[in-house]
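1. How does the following fold in three dimensions:
(one chain, ligands or ions: 10)
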Amino acid sequence: MRTLIIPLMTTALVVAGTAAAGDGADRAAGYAGSEACRDCHADLFPHFERNVHAGSLVRTRAGVAGCESCHGPAAAHAEDPSQLGGLITFAAGKEGEGARACLTCHRDNQTVSPFLRATHGRSGLACTACHASPHAPAPVQLVRARVNSQREGAPVVGRHLKGDRDELCLSCHPQLRGSLAMPFRHPVAEGAISCSSCHNPHLNGATYASTRNQCLSCHEDKRGPWAFEHAPVAEDCTSCHEPHGSVAPSLLRTAEPFLCLSCHVLPDDRHGQEIGGTRFSRAIYQRCTTCHGAVHGSHGDRHLKK
Ligand code: HEC
Ligand code: HEC
Ligand code: HEC
Ligand code: HEC
Ligand code: HEC
Ligand code: HEC
Ligand code: HEC
Ligand code: HEC
Ligand code: HEC
Ligand code: HEC
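-> Ligands and ions are numbered 1, 2, ... in the order given. Purely as a prediction, here's the structure:
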């Protein structure tokens, strides 16, 4: 049993509640084992023992379990508590060191492993800026909180997060509150989707896939392939849409026709011609999509009208 290392890629939930491992196996190379900590840090055991990180099966690749899997070799400190050198303390100013300690186990999880190279990691955030520490008293949910399962007003606490996911993000990104309250918006405030439906906070740029693929994962009908595609749609949805919210309908960056006219210069006479018996005059004063309704691409009309 002692040689087992939990494969971190699996979603297997490690059963917590067993005693924090503190056995002889950890005594090598400056490790004292968790039981050695109990004498002086007994107050930290009750919460920890209910945490997913407790349990003798949760080990680093080097086989270290329990307290020292995060705090590093602490035999010297257990001998003489004033010896703090070499301990990983997760203190302010040492966020990178702390994150690296967490990643000794989580580095195989590709959702999480890019953290130190990504915006949040490079900005000096600790893992515990968002995740509750394993010493937190909250009874933590071990399963991913499903995005749509929350009842109105109920906080979503998933993945050991410190609170409602969106409130957590908004506490550092308050400027988003304005966007999310705009007349046209993604239904984040309504609870239908959340920040992490689109953003992976451990990744650079913090979006899961290329933005376009991210959008298409929910708006599949805009994918095509089209016989006549609209070049900007094939490139990047956000050249026309605001991802969070907008004063313009359909989350457009600016309302029509100005949005279209930011790329298209329309000679009025062209649209003013008589075509098939109808006179298309003053088209530029209208919503372009009144006529160009297939703005995301068309199967039959190169002018994107149907
Ligand atoms: C003999 C008592 C004693 C033992 C045994 C002991 N500690 Fe400590 N520990 C202390 C004291 C006292 C402090 C506070 C030291 C200070 O702040 O100067 C402390 C502080 C710490 C800190 C925080 C350091 C900081 O700067 O915030 C960590 C982490 C820690 N101990 C981990 C452990 C681990 C892991 C073990 C078991 C391997 C352990 N301790 C065993 C007495 C002990
Ligand atoms: C999964 C990683 C992890 C494990 C395992 C772990 N800790 Fe910690 N510990 C942390 C983090 C993160 C903090 C900083 C908490 C914070 O900033 O809120 C911390 C803080 C501490 C502190 C200083 C703050 C305090 O609450 O006094 C001590 C002492 C400590 N841990 C001891 C222990 C002991 C003893 C064990 C085993 C029973 C243990 N830790 C297991 C991650 C861990
Ligand atoms: C000794 C290995 C180890 C270390 C070190 C470690 N973890 Fe974990 N962690 C695990 C295992 C195993 C699980 C449960 C399986 C899983 O979800 O990958 C887990 C689960 C988690 C989860 C919850 C995932 C879920 O499914 O709910 C979070 C969040 C997490 N760890 C964050 C941290 C943070 C933050 C640190 C550093 C303070 C840390 N871990 C250090 C092994 C470790
Ligand atoms: C800016 C906030 C933030 C920071 C910083 C952060 N996380 Fe996360 N983490 C999250 C959120 C939000 C989720 C849940 C994503 C979801 O709901 O799918 C998560 C999920 C996880 C998971 C579960 C991933 C999975 O789906 O398999 C693990 C493990 C984890 N984080 C570990 C870490 C570790 C380790 C660090 C530091 C190296 C860290 N996180 C830093 C916000 C953060
Ligand atoms: C529908 C998908 C989606 C949702 C939901 C979403 N975002 Fe975004 N977010 C994006 C995209 C796409 C970008 C890149 C925008 C760009 O390139 O113009 C972005 C950019 C950002 C940025 C950086 C640029 C800026 O506007 O400041 C932050 C910060 C941000 N989002 C935070 C959040 C937070 C916090 C939430 C939840 C309250 C959230 N997002 C919800 C898709 C989304
Ligand atoms: C503790 C504060 C903090 C929390 C919590 C936090 N962020 Fe950030 N976030 C930052 C900082 C700092 C930056 C980088 C500087 C900036 O752009 O403001 C950043 C940048 C971003 C960016 C821009 C990324 C890029 O590469 O341009 C996005 C998107 C983002 N955060 C989304 C989120 C989401 C989603 C959450 C919630 C899961 C979240 N943030 C939680 C502090 C935080
Ligand atoms: C997690 C799923 C999800 C993702 C990812 C997503 N959306 Fe949405 N989107 C929705 C939902 C849900 C609605 C609300 C639909 C409704 O009210 O009928 C919506 C509404 C919209 C609307 C407004 C529809 C209207 O009638 O006003 C636009 C435009 C839109 N999304 C564009 C985007 C773009 C651009 C992206 C990528 C940045 C994106 N979406 C990513 C789920 C998603
Ligand atoms: C050239 C500008 C442009 C680009 C690029 C664009 N859209 Fe749109 N989108 C529009 C306009 C204009 C509307 C409003 C159409 C209407 O009112 O008939 C719209 C409406 C929508 C709607 C809501 C109405 C509906 O038809 O379902 C969704 C969802 C949407 N777009 C998703 C996307 C996605 C996903 C992408 C990227 C693949 C994208 N859009 C790229 C211009 C654009
Ligand atoms: C980001 C720039 C951009 C925006 C915004 C934009 N377009 Fe386009 N559009 C293009 C490009 C590039 C082409 C391809 C031009 C070409 O092939 O000559 C194109 C092609 C078209 C065509 C087909 C042209 C043809 O030759 O038949 C129509 C119709 C069209 N756009 C209508 C619109 C409408 C309506 C809007 C506003 C909802 C809009 N466009 C917004 C860049 C844009
Ligand atoms: C009343 C209907 C109508 C409106 C409104 C309209 N168009 Fe057109 N548009 C057409 C028709 C019909 C054609 C095809 C002309 C042809 O067959 O030669 C066309 C052609 C185009 C073309 C192809 C290039 C060209 O000049 O032949 C572009 C680009 C275009 N429209 C963009 C726009 C934009 C941008 C708007 C809004 C400012 C707009 N249209 C408003 C009917 C309209």
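2. Strands of the protein, start to end?
-> 184-185, 245-246, 274-275, 278-279 (DSSP state E).
3. pLDDT at Ser210, what is it?
-> Listed pLDDT for Ser210 reads 74.
4. residues near it, how many?
-> Per other CB atoms under 10 Å, the neighbour tally for Ser210 reads 11. (Glycine included, C-beta is placed from N, CA and C.)
5. With His202 instead?
-> With other CB under 10 Å as criterion, His202 counts 23.
6. Might one say that it is in contact with Val112?
-> Yes. Between His202 and Val112 there is a contact under CB atoms under 8 Å: 4.8 Å.
7. Just give me the neighbour total for Gly66.
-> Per other CB under 10 Å, the neighbour tally for Gly66 reads 27.
8. Against Leu87, how distant is it?
-> Distance, Gly66 to Leu87, by CB to CB, to the nearest Å: 14 Å.
9. Which residue comes closest to Arg59 once chain neighbours are left out?
-> Spatial nearest neighbour of Arg59, chain neighbours left out: Ala65 (4.6 Å); criterion: CB to CB, 6 or more residues apart in numbering.
10. my read: that neighbour touches His71, true?
-> No. Applying CB under 8 Å as the test, Ala65 and His71 come out as separate, 12.0 Å apart.
11. which of the two has more neighbours?
-> Taking neighbours as other CB under 10 Å, Ala65 and His71 compare with Ala65 leading, 25 against 19.
12. Would you mind naming what in the stretch 201-306 of the chain lies close to ligand 1?
-> For the stretch 201-306 of the chain, no residue is in contact with ligand 1 (CB under 6 Å from any ligand atom).
13. low-scoring pLDDT stretches of the stretch 151-300 of the chain, where are they?
-> 151-163, 205-209, 267-270, 272-285 (pLDDT under 70).
14. Next one: the residue nearest to Arg59 from ligand 9, what distance?
-> 55 Å (CB to the nearest ligand atom, to the nearest Å).
15. Leu304 too?
-> 4 Å.
16. got the phi/psi numbers for that residue?
-> phi 60, psi 40 (degrees, to the nearest 10).
17. ok, now which ones touch it?
-> Residues near Leu304 by CB atoms under 8 Å, 6 or more residues apart in numbering: Phe228, His230, His292, Gly293, Ala294, Val295, Gly297, Ser298.
18. if we go to 6 Å?
-> By CB atoms under 6 Å, 6 or more residues apart in numbering, Leu304 lies in contact with His230, His292, Ala294, Val295, Ser298.
19. And these, which is closest to ligand 7?
-> Using CB to the nearest ligand atom, the shortest approach to ligand 7 within these belongs to Val295, at 11.1 Å.
20. The closest one: neighbour count?
-> So Val295, with other CB under 10 Å, has 19 neighbours.
21. Repeat that for His264.
-> 10.
22. go on, Ala189?
-> 12.
23. cool, and Cys67?
-> Close neighbours of Cys67, defined as other CB under 10 Å, add up to 29.
24. Leu87 versus that one, what's the distance?
-> From Cys67 to Leu87 the distance is 10 Å (CB to CB).
25. Redo the contacts of Leu304 as a markdown table? Include distance to Gly191.
-> Below are those laid out as a markdown table (distance: CB to CB, whole Å):
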| residue | distance to Gly191 |
| --- | --- |
| His230 | 32 |
| His292 | 34 |
| Ala294 | 32 |
| Val295 | 29 |
| Ser298 | 35 |
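26. near ligand 10 too, which of these?
-> Answer for the contacts of Leu304 near ligand 10 (CB under 6 Å from any ligand atom): His292.
27. Just give me the closest of the contacts of Leu304 to ligand 8.
-> So of those, ranked by how close each gets to ligand 8 (CB to the nearest ligand atom), first place is Val295, at 4.8 Å.
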